[in-house]
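1. Please find the sequence and the predicted model below.
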Amino acid sequence: PLLTLGVPGDAVAAVLLGALIIQGLTPGPLLFEQNPEIVYGLFSSMIIGNILLLFIGLAGIKFYSRIVEIPKTLMIPAILILSTIGSYSMNNSLFDVGVTFIFGIIGYIMSKIKMPSSPIVLAVILGPMLETNLRKAVLMYEGSYSFLYTRPITIVFLILTVLSIVSALKKKDSKLGKLGGYLSFYIKSIFLCLFHHYDYLYAHYISHCALLIKIIKKLKPSIKVIVNVHGNDVVPEDAHDEKFIPLVKSTLPLIDLCIVPSSYYQKVMMEQYGLNEDKIKIFPSGGINFDVFQEIENAKEKLHLDPNKKCIGYIGRYEKRKGWEVFLEAISLLENVEQYQIVMVGVGEDEEKANALIQKYHLENVIKKYPMQTQKELALFYSAIDIFCFPTYRKSDSLGLVGLEAMACGCIVIASNMAGPTSYIKNQENGFFFKPRDGKDLNQKIEDILSMNEHQIKEIKDHAYQTAKAYDVNDISQNLVDIFNGI
């Protein structure tokens, strides 16, 4: 698009565009007609360059790879010196050097907050061109800007611009998308509360709704505020989560009721936030859908597993504090591990680390890994797993529905003796506990279960099923209505 239309596709192309303009060339359709020697010379140089790069690269790869070993104490000063000399030599001006350093600092900050620098590079290159051509168009229309909304071509480009902005705002994984999403959510919520009558304000994730609660409570003092807290909402796992805690604490006096997913979180809200017990109600978010999560016959055969071998499994994300490394340590300590089938289901940012640990323990031929599944497919995996390990050591695991889902499908669950699972697991009655982050203890519990007889296993499974049944979504759905009616 750079040579044919004069539109750079990325930051590198934008720099090349600037270089062509400096040389008095205007990229676009006419470039092929007016300066064919430049275009075909560029094509030829790219072809020849890539061929030469192949041979040069293969010959010198051992030497080039050593560049990354150059200490930063040498590399950074060298880059700074070259940048300073380059910026000064353009106009022999110290002002340009100052601009270089200022934008260097801005670029560093942008890299830290993960904001892409390409749009700024494009703006710097294309900005002067845009201004020049805009002035020409305004002069042609005798000072009028009507061409921006009366000509078909400009209307099309304006529509495309609006669509690109809207598309960026809708990308919820981007910072701009998140900011746009929250801004829209706040405005819509305030508008609805101002111009409609509501008895209750029900907010999930209080840390991100705290400011909104304060605004609405100020505008409508009579409205009753109910918050549902869970996860790292009120139990921070890192410094980022900690930032929201003061805001949460200042908002809690405004609420009329706090809904928590477990007795563990009820204790958290009472001890760490000073809420009275009468202001807290327990309601397990979502519950268990027994139409989906139920024991499926011949599950091992359907997953092409050996029905005559015990199956030990982990289902969850490969992330910090999820305990996947604890599970792998426990499996590596199993005696005669080849006699068992080990299943891991999930994805996550630490999956490569998990793969490396599997290789370190020489478990490549023992463990079968699967990507994350749908709920119906998860029920099949739970049904195939005999011993389900829930090794999380996250303080913010407010309930741990995966443990209950596994119980509903006939698994024996071994969980870390902390956080959410302590609300429903009774050690050696409907499941087992092990010491958090202790792979050896988890291994011992697995060995203990493998040595149990059929009667003992059936008794544990029966108690586990009854525990999961208490969280049946069809039975608990009315509880939330009763909670609201009881305020």
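-> Right, received. Where do you want to start? Residues are numbered from 1 along each chain as shown.
2. Let me know whether residue 100 touches residue 85 as I believe.
-> No: distance between residue 100 and residue 85: 10.4 Å, which falls outside the contact criterion (CB atoms under 8 Å). For the C-beta atoms, the positions are set from N, CA and C on the backbone; glycine is no exception.
3. of these two, who's got more company?
-> Just comparing residue 100 and residue 85: by other CB atoms under 10 Å the higher neighbour count belongs to residue 100, 17 against 10.
4. And that one, how close does it get to residue 83?
-> Look at residue 100 and residue 83: by CB to CB, to the nearest Å, they are 6 Å apart.
5. In the protein, which helix is the longest?
-> For the chain, the longest helix by residue count, based on DSSP state H, is helix 36-64.
6. Give me the packing partners of that helix, helices and strands only.
-> helix 29-34 (3 or more CB pairs under 8 Å, 6 or more residues apart in numbering; DSSP states H and E).
7. Alpha carbons of the helix it packs on, as CSV, please.
-> The C-alpha coordinates for helix 29-34 follow below in CSV (Å, rounded to 0.1, in the frame of the first residue of the first chain):
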residue,chain,number,x,y,z
PRO,A,29,0.2,5.3,-8.5
LEU,A,30,2.1,8.0,-10.4
LEU,A,31,5.4,6.8,-8.8
PHE,A,32,5.4,3.8,-11.1
GLU,A,33,4.9,6.0,-14.2
GLN,A,34,7.1,8.9,-13.4
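8. So which residues of the chain form strands?
-> With DSSP state E, the ranges of strands along the chain come out as 200-204, 224-228, 257-260, 280-282, 311-315, 341-345, 367-370, 387-390, 412-416, 432-434.
9. For the fourth one, the averaged confidence score.
-> When the per-residue pLDDT values of strand 280-282 are averaged, the result is 92.
10. packing partners for that strand?
-> On a contact count with 3+ CB pairs under 8 Å, 6+ apart, strand 280-282 meets strand 257-260, helix 263-271.
11. Parallel or antiparallel, list what pairs with that strand.
-> Applying DSSP bridges to the sheet, strand 280-282 is found paired with strand 257-260 (parallel).
12. next one: the partner strand to chain centre, how far?
-> In terms of CA atoms, centre = their mean, to the nearest Å, the gap separating the centre of strand 257-260 from the centre of its chain is 26 Å.
13. Need the contact partners of that strand.
-> Applying CB atoms under 8 Å, 6 or more residues apart in numbering, the contact partners of strand 257-260 are 224-230, 252, 266, 268-269, 275, 279-283, 398, 480, 483, 487.
14. One more pass at 6 Å, please.
-> Contact with strand 257-260 is made by 226-229, 266, 269, 275, 279-283, 487, as judged by CB atoms under 6 Å, 6 or more residues apart in numbering.
15. low-confidence ranges in the stretch 101-250 of the chain?
-> 113-114, 168-177 (pLDDT under 70).
16. circling back: could you tell me which of the contacts of strand 257-260 count as buried?
-> Neighbour-count burial (16 or more other CB atoms under 10 Å) applied to the contacts of strand 257-260 gives 226, 227, 228, 229, 266, 269, 275, 280, 281, 282, 283.
17. May I have the beta-bridge partners of the second one?
-> Residues in a beta bridge with residue 227, per DSSP bridges, are residue 203, residue 258.
18. Could you measure from it over to residue 348?
-> The gap separating residue 227 from residue 348 is 29 Å, by CB to CB.
19. measure residue 267 to residue 213 for me?
-> Distance from residue 267 to residue 213, counting by CB to CB: 23 Å.
20. what would the buried ones among the contacts of strand 257-260 look like in a markdown table with distance to residue 472?
-> Output for the buried ones among the contacts of strand 257-260, formatted as a markdown table (distance: CB to CB, whole Å):
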| residue | distance to residue 472 |
| --- | --- |
| 226 | 23 |
| 227 | 25 |
| 228 | 20 |
| 229 | 23 |
| 266 | 21 |
| 269 | 25 |
| 275 | 28 |
| 280 | 23 |
| 281 | 18 |
| 282 | 15 |
| 283 | 13 |
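21. Just name the closest of those residues to residue 115, please.
-> residue 229 (30.7 Å; CB to CB).
22. contacting residues around the closest one?
-> By CB under 6 Å, 6+ apart, the neighbours of residue 229 are 206, 260.
23. And residue 267 and residue 213? Which one has more around it.
-> Set side by side, residue 267 and residue 213 show more neighbours around residue 213, with 21 against 15, by other CB under 10 Å.
24. Excluding chain neighbours, what is closest to that one?
-> residue 251 (5.4 Å; CB to CB, 6 or more residues apart in numbering).
25. ok, that neighbour - how many residues close by?
-> Applying other CB under 10 Å, I find that residue 251 has 21 neighbouring residues.
26. my read: it touches residue 208, true?
-> No: in this structure residue 251 lies outside contact range of residue 208 using CB atoms under 6 Å: 11.1 Å.
27. Could you check how far the residue in the chain sticking out farthest from the centre is from residue 323?
-> Most distant residue from the mean C-alpha position of the chain: residue 142, 52.0 Å away (CA atoms, centre = their mean). The gap separating residue 142 from residue 323 is 72 Å, by CB to CB.
28. With residue 78 instead?
-> Plainly put, residue 78 is 44 Å away from residue 323 if you go by CB to CB.
29. now swap in residue 412 and tell me
-> Relative to residue 323, and taking CB to CB, residue 412 is found at 17 Å.
30. thinking again about what came up before, right, and the strands of the chain - which one's nearest residue 358?
-> Judging these by CB to CB, what sits closest to residue 358 is strand 367-370, at 5.8 Å.
31. Given the closest one, what are its sheet partners and their directions?
-> strand 341-345 (parallel).
32. Pull the residues that contact the partner strand.
-> By CB under 6 Å, 6+ apart, strand 341-345 touches 305, 309, 311-315, 331, 366-370, 381.
33. quick one: which two of these are the most distant?
-> Comparing every pair within the contacts of strand 341-345 by CB to CB identifies 309 and 315 as the most remote, at 18.4 Å.
34. More neighbours: these two, which one.
-> Remark: of residue 309 and residue 315, residue 315 carries more neighbours, 22 against 13, as counted by other CB under 10 Å.
35. Is that one bridged to anything, and to what?
-> Beta-bridge partners of residue 315, as defined by DSSP bridges: residue 345.
36. in stretch 312-325, what counts as buried?
-> For stretch 312-325, burial by neighbour count (16+ other CB under 10 Å) applies to 312, 313, 314, 315, 316, 318, 319, 321, 322, 323, 324, 325.
37. how close does residue 28 get to residue 152?
-> When distance is defined by CB to CB, residue 28 is 20 Å away from residue 152.
38. So between these two, which is more surrounded?
-> Between residue 28 and residue 152, counted using other CB under 10 Å, the more crowded position is residue 28 (15 against 7).
39. The more buried one is in contact with residue 8, isn't it?
-> No: the pair residue 28 / residue 8 is not scored as a contact, 12.0 Å apart, by CB under 6 Å.
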